[in-house]
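Undergrad: sequence and predicted structure are below.
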Amino acid sequence: MRLTEADQQLLEKKGISKDKVLDQIETFRDGIPFVHLRSAAIVNEGILKFSSDEKKTLIQHFESNRKNKSLLKFVPASGAASRMFKSLFNFLDKYNAAEEDFDAYINRTGDSAMQKFAEGLTDFPFYNLVKNKIGNLATSKGEEVYAFVNEMMSKDALNYGFFPKGLLPFHKYGSHAATPFEEHLNESVAYASANGLAKLHFTISEQHDAMFAEEYEQTNKNITKTTGTTFNVTYSNQKPATDTIAVDLDDKPFRNEDGSLLFRPGGHGALIENLNDQDADIIFIKNIDNVAVSKYAGDIAESKKILAGHLIKVQEKAFAYAKAIEDDAVSAADTIEIKSFIEKELNAYFLDSYEDFSLSEQLLVLKDKLNRPIRVCGMVKNEGEPGGGPFWIIDAKKHVSLQIIESAQIDMSDSRQVDILKNSTHFNPVDLVCGVRNYKGEKYNLLNYVDPKQGFIAQKTKDGKDLKALELPGLWNGAMAFWNTIFVEVPLITFNPVKTVNDLLKPAHQVS
């Protein structure tokens, strides 16, 4: 690959090496293999389900330890909310109130999303704000709905399509409409705070930096006063160095019309870099749109405490074993106990050849498997929602591990793999509690635990030309592939994403 002087300047500006670009082009040429599913993770076979007494014990364990732990809530919040309003943009483009009444439009187009939006209009958290702006000049239902949507989406009006999802009105408490950003601050008090301090980190788009800073100024004082909690909120943007090269269909670097190389954002997997810059004993990860109204706060906090309590419990054992190995205080009999713990509680398996190793060789293997970041992932019963799921997989080296796998990673032409997919009972709501330090309190370099072979190649277009784009291994998929992984069943109330505007009409987002 020959680089022009302009190419080299672009790479230097982004902080991307030529070798990295060459590796990515090689990935396009080689392709990314499908994962090989061994079986779906189900309750008692990869997914833990705690009894009421066990839950109480784990909550108590978390509460008794939280004051001595540094806690952080990490919230991926990048990007604008344009996809959330896709149906509204489509409506503005296709509907003319002067030529067709609203019901006729619905009958003609079958636009069920807009029908639902219109029927629930008064229940949206932004209803009063928008209604006050448009007044009561509409003479028909179609005119009213069109004026309402136009006020929401127009660039010279509210311009909600430009807003980051985290700063949109989500929940209506009387005359106040709370944003997801505000709800995350409120929620963090219950489980991600210690000694009166809650630390949160949001990954946001650079174009929204000022908007988040303004929202924090408007909400911080009030929440601090009502909760008695001080907030330490930080932000970061996706790093330019995580952008990936695009190629044409012949796997040659794609160039823009001005001749420059085309780089694209690497997807949410790029945020492993942002996560790696954070340091705390326990890190809670939860998407920006996964919030609920305050009446569900207790159930949600309880679930988080259970996950964190289990993390602490498992860490205590792992740390004790890791220290014993480091101190040369492990006998041959002890290795059997440690191996059993790793298999049963950390879900890490051993190759058959392990049994033929010498004691010193076995200790090296045990040390390697113990000294890894740990993630405890909530899993909800599959209710038909899209999203990754929990599976046992076998990699090219015959290693068996628990992973969160997306459907795009599965070979749908293989009937046996499809059968395993169909037999899955749970999916991933992006509800993670992470331990990123070793027994000495040293933070792991999380970039050492990424599986680069779990990325995605997608076909896109630019300037009317086809191209191939590379997404990095997802944050909770391949970016955490070599962590120790634990799956726990959590209640469905912990999963309340807002993928479309009509999701705000669901009970979890309605105060009454």
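TA: Arrived safely, thanks for sending.

Undergrad: now do the same contact list for Y160.
TA: Applying C-beta atoms under 8 Å, 6 or more residues apart in numbering to Y160 gives the contacts 81, 85, 126, 152-153, 168. C-betas here are computed from N, CA, C, even on glycine.

Undergrad: so where's the stretch 51-200 of the chain uncertain?
TA: Of all residues in the stretch 51-200 of the chain, none has pLDDT under 70.

Undergrad: now the strands for it?
TA: Ranges of strands in the stretch 51-200 of the chain, per DSSP state E, counting those that start in this stretch, are 71-76, 171-173, 176-178, 193-194, 197-203.

Undergrad: and the third one, what's buried?
TA: Counting neighbours by 16 or more other C-beta atoms under 10 Å, one finds that the buried residues in strand 176-178 are 177-178.

Undergrad: residue numbering should commence at 7 henceforth.
TA: Okay, residue one is now 7; in that scheme the one you just asked about reads as strand 182-184.

Undergrad: each with direction, which strands does it pair with?
TA: The strands that strand 182-184 pairs with in its sheet are strand 177-179 (antiparallel) (by DSSP bridges).

Undergrad: try the shortest one
TA: Take DSSP bridges as the rule and strand 199-200 pairs in its sheet with strand 203-209 (antiparallel).

Undergrad: residues in contact with the partner strand?
TA: Contact with strand 203-209 is made by 76-84, 172, 187, 190-191, 194-195, 198, 218, 235-244, 277, 280, 284, 286, 294, as judged by C-beta under 8 Å, 6+ apart.

Undergrad: out of these, which sit inside helices?
TA: Counted as lying in helices by DSSP state H, out of the contacts of strand 203-209, are 187, 190-191, 194-195, 218, 280.

Undergrad: which two of those have the greatest separation?
TA: With distances taken as C-beta to C-beta, the most widely separated pair in the ones in helices among the contacts of strand 203-209 is V195 and N280, at 23.3 Å.

Undergrad: got a list of what the residue lying closest to F176 once chain neighbours are set aside touches?
TA: Of all residues not flanking F176 in the chain, P186 sits nearest, at 5.3 Å (C-beta to C-beta, 6 or more residues apart in numbering). P186 is in contact with 83, 171-174, 176, 294-295, 297, 504, counting by C-beta under 8 Å, 6+ apart.

Undergrad: switch to 10 Å and redo it
TA: Neighbouring residues of P186 by C-beta atoms under 10 Å, 6 or more residues apart in numbering: 81, 83, 170-177, 193, 293-297, 504.

Undergrad: do the same with P246
TA: Contacts for P246 (C-beta under 10 Å, 6+ apart) come out as 16, 19-22, 212, 269, 271, 276.

Undergrad: now with 6 Å, please.
TA: By C-beta atoms under 6 Å, 6 or more residues apart in numbering, the contact list for P246 reads K20.

Undergrad: how close does it get to H405?
TA: Distance of P246 to H405, given as C-beta to C-beta, to the nearest Å: 33 Å.

Undergrad: now do the residue nearest to D254 when sequence neighbours are not counted against L317, distance only.
TA: In space, and not counting its chain neighbours, D254 is closest to F260: 5.1 Å by C-beta to C-beta, 6+ apart. F260 is 43 Å from L317, where distance means C-beta to C-beta.

Undergrad: between the two ends of stretch 469-480, how far is it?
TA: Its first and final residues considered, stretch 469-480 spans 27 Å by C-alpha to C-alpha, to the nearest Å.

Undergrad: which parts of it are buried?
TA: Using 16+ other C-beta under 10 Å as the test for burial, stretch 469-480 gives 473-480.

Undergrad: kindly report the same for stretch 456-473.
TA: Neighbour counts over stretch 456-473 (16+ other C-beta under 10 Å) mark 456-457, 460-462, 468, 473 as buried.

Undergrad: filter the residues you listed down to the ones in strands?
TA: 462, 468, 473 (DSSP state E).

Undergrad: sorry, back to before: now the buried residues of stretch 469-480 as JSON lines including secondary structure, distance to T230 and pLDDT?
TA: Putting the buried residues of stretch 469-480 into JSON lines (DSSP: H, G, I helix; E, B strand; the rest coil; distance: C-beta to C-beta, whole Å; pLDDT from 0 to 100) gives the following:
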{"residue": "L473", "secondary structure": "strand", "distance to T230": "48", "pLDDT": "96"}
{"residue": "K474", "secondary structure": "strand", "distance to T230": "48", "pLDDT": "96"}
{"residue": "A475", "secondary structure": "strand", "distance to T230": "43", "pLDDT": "96"}
{"residue": "L476", "secondary structure": "strand", "distance to T230": "43", "pLDDT": "95"}
{"residue": "E477", "secondary structure": "strand", "distance to T230": "39", "pLDDT": "94"}
{"residue": "L478", "secondary structure": "coil", "distance to T230": "37", "pLDDT": "95"}
{"residue": "P479", "secondary structure": "coil", "distance to T230": "38", "pLDDT": "94"}
{"residue": "G480", "secondary structure": "coil", "distance to T230": "35", "pLDDT": "93"}
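
Undergrad: about what we covered before: my read is that the residue nearest to D254 contacts L473, right?
TA: Yes: in this structure, F260 is within contact of L473 by C-beta atoms under 6 Å, at 4.6 Å.

Undergrad: quick revisit: report the buried members of the contacts of strand 203-209.
TA: Neighbour counting with 16+ other C-beta under 10 Å marks 77-84, 172, 187, 190-191, 194-195, 198, 218, 235, 237, 239, 241-242, 244, 277, 280, 284, 286, 294 as buried within these.

Undergrad: now for the buried residues of stretch 456-473: which two are most distant?
TA: Across the buried residues of stretch 456-473, the longest distance by C-beta to C-beta is 28.3 Å; it joins D457 and K468.

Undergrad: so how far is G395 from G273?
TA: The gap separating G273 from G395 is 19 Å, by C-beta to C-beta.

Undergrad: er, V507 I mean
TA: Counting by C-beta to C-beta - V507 and G395 are separated by 26 Å.

Undergrad: those helices in the stretch 407-518 of the chain, which residues are they?
TA: Counting by DSSP state H, counting those that start in this stretch, the segments of the stretch 407-518 of the chain that form helices are 421-428.

Undergrad: and Q409, what is it in contact with?
TA: So Q409 contacts I399 (C-beta under 6 Å, 6+ apart).

Undergrad: secondary structure element for P396?
TA: For P396, the host element (DSSP states H and E) is strand 395-400.

Undergrad: span of stretch 168-181 from start to end?
TA: 24 Å.

Undergrad: list the buried residues in that stretch.
TA: Buried positions in stretch 168-181, judged by neighbour count with 16+ other C-beta under 10 Å: 169-178.
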